[in-house]
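Q: Return atomic coordinates for the entry below.
(one chain, ligands or ions: 1)
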Amino acid sequence: MSGGNACRNKEHRPHWRVLLRNAHRSAFNGYRLTASAYSEIQCTQCGHVWRTKAAYVATLPNA
Ligand SMILES: [Zn+2]
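A: Numbers count the residues shown, from 1 in each chain. The predicted model follows:
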């Protein structure tokens, strides 16, 4: 799995939302949430979803 393509449009940045903050859903445990260094981000403008552990996640609002 690639983890999806991150939004590269800086003008979309105000529209980025955190879907899963510091968590991960894994098929191996029945899709329960587990702690992770990574967060799942969605751009509500172009619909891209990606996972990252970049520092900017702390500045983004929850979805
Ligand atoms: Zn976007």
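Q: What residues sit buried inside the helix or strand of the chain with the lowest mean pLDDT?
A: Across the helices and strands of the chain, mean pLDDT, DSSP states H and E gives its lowest value to strand 23-25, namely a mean of 89. For strand 23-25, burial by neighbour count (16 or more other CB atoms under 10 Å) applies to His24. The C-beta positions use only the backbone N, C-alpha and C, and glycine is treated the same way.
Q: ditto for stretch 5-19
A: Of the residues in stretch 5-19, those buried (16+ other CB under 10 Å) are 7, 16, 18.
Q: and if you look at stretch 45-59?
A: Buried residues in stretch 45-59, counted by 16+ other CB under 10 Å: 48-51, 57.
Q: Output those as TSV; include the columns secondary structure.
A: Output for the buried residues of stretch 45-59, formatted as TSV (DSSP: H, G, I helix; E, B strand; the rest coil):
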residue	secondary structure
His48	coil
Val49	strand
Trp50	strand
Arg51	strand
Val57	helix
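Q: between the residues you listed, which is nearest the ion?
A: Proximity of the buried residues of stretch 45-59 to the ion (CB to the ion) peaks at His48, which lies at 5.5 Å.
Q: Right, I'll call it a day here.
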